[in-house]
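*Asks:* below are the sequence and a predicted model; questions follow.
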Amino acid sequence: MSIHPAMVTACRAAWAAETAAVRETREAMASRARAFKQTADGAAVRFLCFSFDGNDILVQVLEEIMTRGYINCKIWHSSASAFLIEDGRFAKLGTNEEIEEQNGSNELIDLKGMMVIPGFVDSHMHLAELGYYLSQMQLIGMKDSSELKNKIAVYRQQNPEARWIIGRGWDDTLMERPNKKMLDALCPDLPLAVTRVDGHVMAVNSKALQEAKIDENTETEGGTIDLASGILEENAIALIQKAMPAPNEKKIRQYIELGQKLANSYGITSVGSDDFLAVVRDYRPVLNVFEQMSYQEALTVRVNEQCEFADLNQYAQFLDEGYTMDVGNDFFRIGPLKIIADGTLGAETAALSEPYADQKENKGMMTISEDDLRIMTQLASNYNMGVIVHAIGDAAVDTVLKICKEFELPGNPLHSGLVHCQILRQDQIDEICRMHLSCYVQSLFEEDDGRILAARIGTKRSETCYPFTSLLHGTLTSNGSDAPVCMPQALHGISLAVNGVPGIKETMSAEEALSSYTEKGAEQIFMQDSIGQIKEGSYADFAVLDQDILSCSPDQIDHTKVMMTVMNGNTVYEK
């Protein structure tokens, strides 16, 4: 099949239309090209236009228009029992008979009474870092140093060329905190770095300190270094990360593929993901890979990138390159600026207004100054870009709210807000809702944090902590995992939200919890008209569950299985 001359002209005209004032991404140009679609004998010709080194490249892709019917199912928020998907979207919802008739001789899948819900939207995670974690030593649940010794031996056997030994997942509420002496004994010849489960504390051996050139003269802002114990907190961790071998783009792609494969197995089809600093301290390689994968339609989750940068200069460079919120396509899109304001409850680095109950001299720490937070927010505001801030402790939340008030827009149209929202006072909850700030919460955190909350901050302060239902009722609030802090088990998160955990007051109804993982997440990334619901015209992003989580006993939600995950009409996971 030949390329239509008008298509070539349109492609080149589209590129010629670019000016210094108005920059569109390569994929935006490709989207124009896709509008030129010819159909014959059930096939479509799709044209992708790229510009490379000043030359236009027109790529012709012949693909089948896919039509498939699904019958005998229970659809959330619908009386229909069947549906038809066509060209990646829900084409019709109806009765079994209607769908069978319209489907004709195309593939027909009998779901045998199972529940169909929109694909889960994990509204805050680290997709590339999840894959990176799966490629390193996995230390979650580790109980003692003997387990770490065994894991190091296995890792070295499986990775004989490794120049560093890297792991993540230890939890000092379950085992002795790793330290330099322990790690030197376990691995004296190679740099060894193991990070706490939350990613905010790292323990290293002497070799790692030497490789990173860290000594008594090394200084860091927004973090701490204890040379004697080999413990680094918060921003100091970057000093070690910079010394580690940087993965190339091929490796980064492998990490993303691993992460999205796991996410799909849990029914996830869209994510808000903070990736730019996850595996390398430069946004460009990660951005390149995501753009390439989106052009190739190789992403099996839609990614709204929560853009974190190493410093103000990096962010300014990013903006100078023409990137700002909403650049991209429905596979990969630039989202808000992401800033980290403090640490975590587990590491006792979350910034509190009063000391920790078990460490009377410790109030945690801010990882960014108020002035720098203001400057970053001002720059984002200049470019019409939302800002979301990791803020766990109430002192950090106070600072974030102060800055938000300075840049407040009626109704919060850019969905600026807070990530985590854990240690809050009632006055802060009220102010967050008054300002309509977006909240990105993690019901999954409650499982581990419920065990330590009262010990960390006392019973009285705990009463208004993890107020996720209050936030859900008062402002736009979506759920997620912060993977790899927690595995992206959306159904487990829903179960925890519904059934609650000791030490945490609030719970959600099953309907509210499901909405927080679907509709609210879609709205959070401005895709509520395209995902998060099962309706005609929306993208065919959905998950099939083996039981109805809204009518089953609450204690059975956690036993529910994802049987199938479909994204853009393509089956990306099947049990």
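*Replies:* Received it, and whenever you're ready, just let me know what you need. Numbering: from 1, shown residues only.

*Asks:* surely residue 128 and residue 283 touch.
*Replies:* No - contact between residue 128 and residue 283 fails when scored by C-beta atoms under 8 Å: they sit 11.3 Å apart. Heads up, the C-betas are built off the backbone N, CA and C, glycines and all.

*Asks:* the two: which has the busier surroundings?
*Replies:* Higher neighbour count among residue 128 and residue 283: residue 128, with 32 against 22, using other C-beta atoms under 10 Å.

*Asks:* from residue 252, how far out is the more buried one?
*Replies:* Distance, residue 128 to residue 252, by C-beta to C-beta, to the nearest Å: 6 Å.

*Asks:* next: residue 313.
*Replies:* Using C-beta to C-beta, one gets 22 Å for the distance from residue 313 to residue 252.

*Asks:* out of the two, which sits in the more crowded spot?
*Replies:* Shown here are residue 313 and residue 252; by other C-beta under 10 Å, residue 252 has more neighbours (23 against 9).

*Asks:* how about the residue nearest the centre of the chain, phi and psi?
*Replies:* Closest residue to the average C-alpha location of the chain: residue 125 at 2.4 Å, with C-alpha atoms, centre = their mean. Reported as degrees, to the nearest 10, the phi and psi values for residue 125 are phi -160, psi -170.

*Asks:* next, the contact list for it, please.
*Replies:* Taking C-beta atoms under 8 Å, 6 or more residues apart in numbering, we find residue 125 in contact with 263, 271-274, 480-483, 488.

*Asks:* let's go with 10 Å and repeat that
*Replies:* By C-beta atoms under 10 Å, 6 or more residues apart in numbering, the contact set of residue 125 is 259, 263, 268, 271-275, 301, 303, 306, 440, 442, 480-488.

*Asks:* quick check: bridge partners of it?
*Replies:* Taking DSSP bridges as the rule, residue 125 bridges to residue 273.

*Asks:* can you give me the distance of it to residue 197?
*Replies:* Note on residue 125: its distance to residue 197, by C-beta to C-beta, is 14 Å.

*Asks:* with residue 463 instead?
*Replies:* For residue 463, the distance to residue 197 equals 26 Å [C-beta to C-beta].

*Asks:* more neighbours: those two, which one.
*Replies:* Ranked by neighbour count (other C-beta under 10 Å), residue 463 and residue 197 place residue 197 first, with 24 against 12.

*Asks:* pretty sure the more buried one contacts residue 175?
*Replies:* No - using C-beta atoms under 10 Å, residue 197 is not in contact with residue 175; the gap is 11.1 Å.

*Asks:* state the mean pLDDT of the helix or strand that contains residue 379.
*Replies:* Using DSSP states H and E, residue 379 sits within helix 370-382. Here helix 370-382 scores 98 as its mean pLDDT.

*Asks:* one more: stretch 442-460?
*Replies:* Across stretch 442-460, pLDDT averages out at 96.

*Asks:* can you check stretch 402-421 too?
*Replies:* Stretch 402-421 shows a mean pLDDT of 97.

*Asks:* residues of it that come out buried?
*Replies:* Buried residues in stretch 402-421, counted by 16 or more other C-beta atoms under 10 Å: 403-404, 412, 414-421.

*Asks:* distance between it and the chain's centre?
*Replies:* Averaging C-alpha positions (C-alpha atoms, centre = their mean, to the nearest Å) puts stretch 402-421 20 Å from its chain's average.

*Asks:* same check, this time on stretch 560-571
*Replies:* In terms of C-alpha atoms, centre = their mean, the centre of stretch 560-571 is found 19 Å from the chain centre.
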